[in-house]
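Trainee: Based on what follows, work out the 3D shape:
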Amino acid sequence: MNTPEQDEIRLLQWVNVLLSHRLLIVLLMLVGAGAAFALCRTAEPLFTAEAKLRPNPEAAALSLKSLFLTNMPRSPLEAADRLSMSQLANYYSELLQSDALLGPIARRTWAGGRTLEAFYPGGKGDATRRQRRLVSLLRRRVIEIVQDRLSGMITIQCTTRDPYLSADITAAMLEHLEAHLREDTTSATAALIRMAEERTSQAQAAVTLADEELINFKNSDISVTAVSPPPEVAARLSKLERRVKLQEEMYIRMKTQVEMLRLSEQQEMNLIEVIHPPKIPVSASWPPTVSAVAGAALFGLLLGVTISFVRHGIAVLAARGLPEYAEFEAHVRSLNWILPGIVLLLPAGRRRRRPVASRTGGVDSPPLAGKVERP
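Mentor: Numbers count the residues shown, from 1 in each chain. Predicted coordinates for the structure are as follows:
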């Protein structure tokens, strides 16, 4: 077990190794940081515009036909209570990445009269094939949809080489999303009104039929008007009266449903709530110059520290004069033509290839790697 004094001596040795290679460590840090900075300066900048939105459950209740139809005769507000914000967010996220919304974006003409194909040339084939390429490019490289599972917040991020184009595409995504939802809501509400009117007509006919049956029963049996009619007659009369009342309640509910649907059709509800509208980005989002330079400098620092300890270990082995070191040195020299500069790992006095004296008194070439002559 090492004593504290031995640990302190070993720590001082490590510090001395780093200090003796301080120029190498600083040089690698500067080279890494400079290379990263040069690459970031020469790379083409990209600009990202984003918008944040949140679904409106009350308005979305009208657009989800299946949920509303299966819960008739619920009102839109009652149906909205059954909607989950995460379900709506999933629906909107998938809709934002669908061809129904990306197709108009690919065909749209932007500022200056240019289409998206002018910013991303290279398409071949007919117009349909080029549009499919642009839609795929939008989905893979330009537009990113980020969804927050807890709050239901949706973030639309658009990244292009032009900051104005990024903001325009983001705004167009919101515009097309709201137009698509409004069209879907209008068609859904119209279908619901037609269905509710049919059910209202059926309920009205059922009320009329129940009234007629009750009147006919009263006219057919004189004992109904008696003070104490027979039990079977009283039971039949009570059943018919309950049926009439039930049909009237159903008719009132269906009539109310139709009126509420007509009222909701006239109301202009915001289908989405835009929390953060898109703005023109003032700074590039790519490349991240500061992060890249800091990361490259840190990599240079770690590489310099590693090389310092490796060189120190090799110098210790060379100082001990172990027989295996000669073979190791030969292997390093043989690899120098593949990895130029690896010979710098050897101590300063052993970096040059030393001539080997032959038996005849001349100078021969150094032995090949793997055939080192042992003393």
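
Trainee: pretty sure Leu95 is in contact with Leu177, am I right?
Mentor: Yes: between Leu95 and Leu177 a contact is recorded at 6.7 Å, counting by CB atoms under 8 Å. C-betas here are computed from N, CA, C, even on glycine.

Trainee: out of these two, which sits in the more crowded spot?
Mentor: Shown here are Leu95 and Leu177; by other CB atoms under 10 Å, Leu177 has more neighbours (20 against 16).

Trainee: For Gly295, give me its contacts.
Mentor: Gly295 makes contact with Ala36, according to CB atoms under 8 Å, 6 or more residues apart in numbering.

Trainee: Name the helix or strand for it, please.
Mentor: Using DSSP states H and E, Gly295 sits within helix 289-320.

Trainee: and if you look at Thr155?
Mentor: Using DSSP H and E, Thr155 sits within strand 154-160.

Trainee: Now do the next helix or strand after that strand against strand 154-160, angle only.
Mentor: As assigned by DSSP H and E, the chain's next helix or strand after strand 154-160 is helix 163-220. Interaxial angle, helix 163-220 versus strand 154-160 (axes from the mean of the first three to the mean of the last three CA atoms, to 10 degrees): 150 degrees.

Trainee: What backbone torsions are found at the nearest residue to Ala206 once chain neighbours are set aside?
Mentor: Sequence neighbours aside, Gln247 is the residue nearest to Ala206 in space, at 4.6 Å (criterion: CB to CB, 6 or more residues apart in numbering). Main-chain torsions, Gln247, degrees, to the nearest 10: phi -70, psi -40.

Trainee: which stretches of the stretch 1-150 of the chain have low pLDDT?
Mentor: For the stretch 1-150 of the chain, applying pLDDT under 70 flags the ranges 1-9, 57-84.

Trainee: Mind splitting this protein into its structural domains?
Mentor: Using automatic domain parsing, the domain parsing of the chain gives 1-43+287-320, 47-205+265-276, 321-375.

Trainee: Grab the nearest non-local neighbour of Arg129.
Mentor: Sequence neighbours aside, Gly123 is the residue nearest to Arg129 in space, at 7.3 Å (criterion: CB to CB, 6+ apart).

Trainee: Let me see the contact set for the closest residue to Arg199 other than its chain neighbours.
Mentor: Spatial nearest neighbour of Arg199, excluding adjacent residues (CB to CB, 6+ apart): Met254 at 5.2 Å. Met254 sits next to 73, 196, 199-200, 203 when contact means CB under 8 Å, 6+ apart.
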